[in-house]
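S.K.: my questions are about this predicted structure, shown below with the sequence.
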Amino acid sequence: MSDEEVARSAAPESPASHEPPQRDITDGGPEMVQFLAADGTRVPVTDVNSPYAAYLEDLDGEAMKGMLRDLILVRRFDAEGFALQRQGELGLWPSLLGQEAAQVGAGRAMRPQDYAFPGYREHGVAWCKGVDPENLLGMFRGVNHGGWDSNENNFHLYTIVIGNQMLHGVGYAMGVQRDGDYATGDPERDTAVMAFTGDGGTSQGDYNEALVFAAVANAPIVFFVQNNHWAISEPNDRQFVIPPYRRADGFGMPGVRVDGNDVLASYAVTRAALERARGGQGPTLIEAFTYRMGAHTTSDDPTKYRISAEVDLWKAKDPIDRMKKYLSAEGIIDEAWVEGIETEADELAKRIRHACQTMPNPPHEEMFQHVYVDAHPLVEREAAEFAAYHAGFED
């Protein structure tokens, strides 16, 4: 070996050699479950799709129209939340633009008793679980703590701490086990849990710990990762090399990648995973391959870190457009029906805008009322001191 060859072999590798391989971020790969192509045509039932095709057989025209209605109304509500923040009515708004199909498909696959643990942009899941959008706006306006009736909706509070909700979901699922509310064969009783996060959340310790706990406990939970390709300004290749659905193998659970812009695929895959969990077969990890077409939140400027051409590529895969094209081609909807839903969406936006602008500020003492279930001496003393302090200004 020459001196030059020895020097080359001993030299450290250049940083460039550790760069992840470049890939087409719009292509979910051959293992991605998909029933609707980007142009709205029905995808043939391939080997990848076949395990899930049966979960669409009982979806009639009315059910699919209902899904499209959800998509349109959720997008309109989301746009109103963004506008309200820009006009100073909300402190912050995290948009779900482009992720509607992933969330509506998952939300519609859940039964009423199934419990959802969201991050902070799961507005579509909240809608499907019956949470009034006014409540979501109230939390981001700072006039409530997001205290919607969780006993009625089975939808947990929004979680701002990234990945924290994954552990919450596993804890609840382990409670379901101890209550015996799964694997009974009773569809009104058997319960599953869903925990939602984004691709950025998969880098958090809480997320990985949750998968460990769920696997060893065989907990009835479905982890739903919305891979929208950007964790604020960090692209996927700064978050992971192995995609989320393949990482499930290392935790001892099945992983599935689904086209998150295809509401039918999202529904079918989630429904299969939920039935598996309710039946006592353990957790599943779903990666919904989608894209965040807007900003991470209203405090973010995505033009600083991504190019417009990338966004344009994903606009061609718009989840609402493809569902409209499919249902139109099948003769299930017409322009009059779409116009009617768009009118309904405008009315929804008008209602929640008025509700947001007229929300009263809560009484100061309310912040002490939901700390503990039972009376707590320290909190009671602090509440009394706080009330006395504010009473001093009344004179």
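M.R.: Structure received. Residues are numbered from 1 along each chain as shown.

S.K.: and Leu84, what does it touch?
M.R.: Taking C-beta atoms under 8 Å, 6 or more residues apart in numbering, we find Leu84 in contact with Leu90, Trp93, Leu137, Arg353, Cys356. Bear in mind the C-beta positions are built from the backbone N, C-alpha and C, glycine included.

S.K.: please redo it, this time with the cut-off set to 6 Å
M.R.: Going by C-beta atoms under 6 Å, 6 or more residues apart in numbering, Leu84 touches Leu90, Cys356.

S.K.: tell me which residues in the strand or helix carrying it are buried?
M.R.: Element membership of Leu84 [criterion: DSSP states H and E] is helix 61-86. Residues of helix 61-86 classed as buried by neighbour count (16 or more other C-beta atoms under 10 Å): 64-65, 67-82, 84-85.

S.K.: same deal with stretch 27-39?
M.R.: Gly28, Met32, Val33, Gln34, Phe35, Leu36, Ala38.

S.K.: which two in these are spaced the farthest apart?
M.R.: Greatest spacing in those, by C-beta to C-beta: Val33 and Ala38 (14.8 Å).

S.K.: for the helix or strand harbouring Ala265, give the mean pLDDT please.
M.R.: Ala265 is part of helix 263-278, with elements assigned from DSSP H and E. Helix 263-278 carries an average pLDDT of 98.

S.K.: which other helices and strands contact that helix?
M.R.: helix 50-53, helix 100-109, strand 221-227, strand 255-259, strand 284-289 (3 or more C-beta pairs under 6 Å, 6 or more residues apart in numbering; DSSP states H and E).

S.K.: any idea which of the ones you listed gets closest to Ile332?
M.R.: Going by C-beta to C-beta, the one of the helices and strands packed on helix 263-278 nearest Ile332 is helix 100-109, 16.5 Å.

S.K.: now do the closest one: everything it contacts.
M.R.: With contacts defined as C-beta under 6 Å, 6+ apart, helix 100-109 is touched by 70-71, 74-75, 122, 124-125, 128, 224, 226, 260-261, 263, 266-267, 270-271, 274, 288, 290, 319.

S.K.: now swap in stretch 303-315 and tell me
M.R.: Outside stretch 303-315, the residues touching it (C-beta under 6 Å, 6+ apart) are Thr26, Ser233, Tyr291.

S.K.: look at the last one and give its secondary structure.
M.R.: For Tyr291, the secondary structure call by DSSP: H, G, I helix; E, B strand; the rest coil comes out as coil.

S.K.: OK, contacts around it?
M.R.: Taking C-beta under 6 Å, 6+ apart, one finds Gly98, Asn228, His229, Trp314 in contact with Tyr291.

S.K.: pLDDT weak spots in the chain?
M.R.: Within the chain, the segments meeting pLDDT under 70 span 1-24, 149-151, 395.

S.K.: if we go to 90?
M.R.: Where the chain drops to pLDDT under 90, the residues are 1-26, 144-152, 160, 237-239, 362-371, 373, 390-395.

S.K.: is Phe224 in a bridge, and if so with what?
M.R.: Judged by DSSP bridges, the bridge partners of Phe224 are Phe196, Ile286.

S.K.: that one - how many residues pack around it?
M.R.: Close neighbours of Phe224, defined as other C-beta atoms under 10 Å, add up to 30.

S.K.: and of the helices and strands packed on helix 263-278, who's closest to Ser203?
M.R.: It's strand 221-227; of the helices and strands packed on helix 263-278, that one is closest to Ser203 (C-beta to C-beta) at 11.3 Å.

S.K.: just checking, what packs against the closest one?
M.R.: Short answer (3+ C-beta pairs under 6 Å, 6+ apart): strand 221-227 packs on helix 164-179, strand 193-198, helix 263-278, strand 284-289.

S.K.: buried residues in the following helix or strand past the last one, which are they?
M.R.: If I follow you right, that is strand 284-289. Following strand 284-289 in sequence order, the next helix or strand is helix 308-315 (DSSP H and E). Neighbour-count burial for helix 308-315, counted by 16+ other C-beta under 10 Å, picks out Glu310, Val311, Trp314.

S.K.: drop anything exposed from the contacts of helix 100-109.
M.R.: For the contacts of helix 100-109, a neighbour count by 16+ other C-beta under 10 Å gives the buried set as 70-71, 74-75, 122, 124-125, 128, 224, 226, 260-261, 263, 266-267, 270-271, 274, 288, 290, 319.

S.K.: mind checking which of the helices and strands packed on helix 263-278 is nearest Tyr158?
M.R.: Across those, Tyr158 has its closest neighbour in helix 100-109 (13.4 Å, C-beta to C-beta).

S.K.: how much space between the nearest residue to Trp93 once chain neighbours are set aside and Gly40?
M.R.: Distances taken as C-beta to C-beta, 6 or more residues apart in numbering put Gln85 closest to Trp93, at 4.1 Å, once the chain neighbours are dropped. Gln85 is 32 Å from Gly40, where distance means C-beta to C-beta, to the nearest Å.

S.K.: now do Gln165
M.R.: On the measure of C-beta to C-beta, Gln165 and Gly40 end up 34 Å apart.

S.K.: so which residues of the stretch 101-250 of the chain form helices?
M.R.: Along the stretch 101-250 of the chain, counting by DSSP state H, counting those that start in this stretch, helices occupy 123-128, 133-141, 150-153, 164-179, 205-217, 244-251.

S.K.: could I get the helix holding Ala265 in PDB with only the CA atoms?
M.R.: Extracted C-alpha coordinates of helix 263-278, given in PDB (Å, rounded to 0.1, in the frame of the first residue of the first chain):
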ATOM      1  CA  VAL A 263     -59.100   9.800   2.900                       C
ATOM      2  CA  LEU A 264     -60.300   6.400   1.900                       C
ATOM      3  CA  ALA A 265     -56.900   4.800   2.500                       C
ATOM      4  CA  SER A 266     -56.500   6.600   5.800                       C
ATOM      5  CA  TYR A 267     -59.900   5.400   6.900                       C
ATOM      6  CA  ALA A 268     -59.300   1.800   5.900                       C
ATOM      7  CA  VAL A 269     -55.800   1.400   7.400                       C
ATOM      8  CA  THR A 270     -56.900   3.100  10.700                       C
ATOM      9  CA  ARG A 271     -60.000   1.000  11.000                       C
ATOM     10  CA  ALA A 272     -58.000  -2.200  10.600                       C
ATOM     11  CA  ALA A 273     -55.500  -1.000  13.200                       C
ATOM     12  CA  LEU A 274     -58.200  -0.100  15.700                       C
ATOM     13  CA  GLU A 275     -60.000  -3.400  15.300                       C
ATOM     14  CA  ARG A 276     -56.700  -5.100  15.900                       C
ATOM     15  CA  ALA A 277     -56.200  -3.100  19.100                       C
ATOM     16  CA  ARG A 278     -59.700  -3.600  20.300                       C
END
